[in-house]
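Peer 1: pasting the structure only:
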């Protein structure tokens, strides 16, 4: 008899195992888990417990179905897996060969697939899945297996072409299966595996199932949600897949899940969603069908998340939908569909429809999404491969729902602009982003222009304090990557007239974004400079005026200074506020005119000092109003101003250093990084991680390091350590203290 004690309770191990064979209670399972986790590594009892544990698995078919499920649920715990991995093949051989209920058999197969496909064992081949399907003919079992074939081989970009084709062939076999629900699942998996370039009859099978939701709705939910994963218990870690998280996963009502997932499928068929799916759905609007489902799907696909009142013009598909819904007056007689049509503000008769159709203007509310599918997205690439997801993401930018738009932006910053990298698909998407700027109902236009600038330059902040060589950095076609950059630059330049339009009628945010974007198109200065000079005289907002001055500086600085010096000099002398004064000063300073150089340098040094003396804590609204796009996300005017300083004399550099160090002491540790970057650039030599000896430092450099050593918070920022490394200096506060005290060469 083996006795274990858990939470002051004595557990007879042999007696516990005996109960687990026949009629276990929840408490029995809890005691089992507590004993295993508590005594697994016990010096005296651990080895005996492990041997008994393995024997339990070896005799798994002698236990009842509830215990079998429990034992399978804990096999994914890494510590346990290591002990039983060698016997798991024979364990599953026993389980799959036993006589049991159909429900339990399905559970065993699901655990077997998880075991063979989630890293514990060599992945099950397509042929292995086929054998499983032949062995278990139930529709639920075969549908479940098909979803795994699709997931692992059909639309997995990392599999070999041979395995993908084998998965596609298997799906094709089941598309013609006499069981309609199984054929329907096979059609869905085939659509995904073929990247939605599927034959019309396959798509029709899915559409036909969709319009008859009752026989398919719960079947779909069970196949793709409830049975998709198996329960996993973890005895030796905090990981869990039980409780509230699992409940939330299953909380979506079956009808909503069915509707939204199918709409997503249909949308990804590209142009066919308009040429095939929508006409097919319209033809299914019959009295005997589930018309509310059909109408909701059509409205989501054709009008998105926007109401039709926001449209000033309708494309052919949208017009066809409206005409059909108005024509079928019997739809209004049904309470559910009638309320649905009313909620979408569908006209009640053809007269009202005609009024709606005639309400067109040159500046339409929303774009024609059909245009998005004029590009062969499948045969162009972004960061994650084929760019078939781009059209839907661009459409989501037109949503009225803020979360939907934010999700789309997150995806677009990840695939077309991936950590600064851009791709062939990025080039093809540019005209559509420019097109969005023309429609009054599209939100976040300033974000669209910021994104276009990202596609143009990568990270524009990199170029603010350097001279941009357009021929070398932008318009170079020497290799494929550079060709993409050049095409992006010319593509975004096509929108210059659109960006200029915001200077007259845009919001504050739109004007700021447009001006900052226009600033980087020096090769097109003849189009831009006259317009900016006109609008700066018409503009009343000082921040927008300051932004225009800075943009003009970047658009004119590569040309001889005397062409523009008088213009900037006039603004410099007449500026009535700090922002236009600062912008005019920087513009004049960047021209590098000898006769103005010392005067504007002194002005910049004074402004640098004043910026530190000003009150640090500002309301968020004030920060938004006073920030220029040229300044970093923290609004550090010090790093913006001092970033322009080069070749200063000793006294001027000391002045800048004093201002920067004083500010570094007062800002947050993350804000301090930009200031430290400037401080080191002005005072230290970049050595690329080569250690510097103490006697190589000047008295001024040692003084700066001693000042920084006394500022505790900056040593908590990992990037500050990296900065020190770039200049060959110790990367820790303690190490820096020793280095400054003892001298010598640090290592």
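Peer 2: That came through, no problem. Note that the structure is predicted; figures quoted are calculated from it, not measured. Numbering: from 1, shown residues only.
Peer 1: from here on, contacts and neighbour counts on C-alpha atoms
Peer 2: OK.
Peer 1: elements contacting the helix or strand harbouring residue 434?
Peer 2: Assigned by DSSP states H and E, residue 434 falls within helix 424-436. Contact partners of helix 424-436 among helices and strands, from 3 or more CA pairs under 8 Å, 6 or more residues apart in numbering; DSSP states H and E: strand 381-382, helix 390-396, helix 445-457, helix 480-493.
Peer 1: Adding mean neighbour count and distance to residue 229, write these out as CSV.
Peer 2: Converted to CSV, those look like this (neighbours: other CA atoms under 10 Å; distance: least, CA to CA, whole Å):
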stretch, mean neighbour count, distance to residue 229
strand 381-382, 20, 30
helix 390-396, 20, 28
helix 445-457, 22, 38
helix 480-493, 20, 42
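Peer 1: Dump those to JSON lines, plus distance to residue 688 and mean pLDDT.
Peer 2: Below are those laid out as JSON lines (distance: least, CA to CA, whole Å; pLDDT from 0 to 100):
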{"stretch": "strand 381-382", "distance to residue 688": "33", "mean pLDDT": "91"}
{"stretch": "helix 390-396", "distance to residue 688": "40", "mean pLDDT": "90"}
{"stretch": "helix 445-457", "distance to residue 688": "25", "mean pLDDT": "94"}
{"stretch": "helix 480-493", "distance to residue 688": "26", "mean pLDDT": "83"}
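Peer 1: Any idea which of those gets closest to residue 734?
Peer 2: Residue 734 lies closest to helix 445-457 among these, at 39.7 Å (CA to CA).
Peer 1: Give me the helices and strands touching the closest one, please.
Peer 2: Helix 445-457 packs on helix 424-436, helix 480-493, helix 508-518, going by 3+ CA pairs under 8 Å, 6+ apart.
Peer 1: Now do it against helix 508-518, angle only.
Peer 2: 10 degrees (axes from the mean of the first three to the mean of the last three CA atoms, to 10 degrees).
Peer 1: is it true that residue 628 touches residue 545?
Peer 2: No - in this structure, residue 628 is not within contact of residue 545 by CA atoms under 8 Å, at 10.6 Å.
Peer 1: what does stretch 393-411 rub up against?
Peer 2: Stretch 393-411 is contacted from outside by 304, 305, 306, 366, 369, 412, 432, 433, 441, 442, 443, using CA atoms under 8 Å, 6 or more residues apart in numbering.
Peer 1: Make JSON lines from these and add pLDDT and secondary structure to it.
Peer 2: Below are the contacts of stretch 393-411 laid out as JSON lines (pLDDT from 0 to 100; DSSP: H, G, I helix; E, B strand; the rest coil):
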{"residue": "304", "pLDDT": "78", "secondary structure": "coil"}
{"residue": "305", "pLDDT": "70", "secondary structure": "coil"}
{"residue": "306", "pLDDT": "70", "secondary structure": "coil"}
{"residue": "366", "pLDDT": "77", "secondary structure": "coil"}
{"residue": "369", "pLDDT": "80", "secondary structure": "helix"}
{"residue": "412", "pLDDT": "94", "secondary structure": "helix"}
{"residue": "432", "pLDDT": "94", "secondary structure": "helix"}
{"residue": "433", "pLDDT": "95", "secondary structure": "helix"}
{"residue": "441", "pLDDT": "83", "secondary structure": "coil"}
{"residue": "442", "pLDDT": "89", "secondary structure": "coil"}
{"residue": "443", "pLDDT": "89", "secondary structure": "coil"}
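Peer 1: for the residues you listed, which one is nearest residue 8?
Peer 2: residue 412 (56.5 Å).
Peer 1: Quick one: residues contacting the closest one.
Peer 2: With CA under 8 Å, 6+ apart, residue 412 has these contacts: 390, 393.
Peer 1: so how far is residue 726 from it?
Peer 2: 33 Å (CA to CA, to the nearest Å).
Peer 1: quick revisit: identify whichever of the helices and strands packed on helix 424-436 lies nearest to residue 255.
Peer 2: Minimum separation from residue 255 across these (CA to CA) falls at helix 390-396, 22.3 Å.
Peer 1: ok, how many other residues are close to the residue nearest to residue 579 when sequence neighbours are not counted?
Peer 2: Excluding the flanking residues, the one nearest residue 579 by CA to CA, 6 or more residues apart in numbering is residue 546, at 5.8 Å. Using other CA atoms under 10 Å, residue 546 has 24 other residues around it.
Peer 1: per-residue confidence at residue 546?
Peer 2: At residue 546, the predicted lDDT confidence score is 88.
Peer 1: hmm, back to that, turn the helices and strands packed on helix 424-436 into a markdown table, columns for distance to residue 2.
Peer 2: Shown next, in a markdown table, are those (distance: least, CA to CA, whole Å):
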| stretch | distance to residue 2 |
| --- | --- |
| strand 381-382 | 61 |
| helix 390-396 | 61 |
| helix 445-457 | 67 |
| helix 480-493 | 69 |
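Peer 1: closest one to residue 29 among these?
Peer 2: helix 390-396 (47.1 Å).
Peer 1: From the chain's centroid, how far away is the closest one?
Peer 2: Put simply, helix 390-396 sits 13 Å off its chain's centre (CA atoms, centre = their mean, to the nearest Å).
Peer 1: Stretch 578-596 too?
Peer 2: From the chain centre to the centre of stretch 578-596 is a distance of 40 Å (CA atoms, centre = their mean).
Peer 1: ok, and what's touching that stretch?
Peer 2: Outside of stretch 578-596, the residues within contact range by CA under 8 Å, 6+ apart are 542-543, 545-547, 549-550, 552-553, 557, 561, 565, 568-569, 571-572, 575, 597, 600-601, 603-604, 607, 641.
Peer 1: Right, I'll call it a day here.
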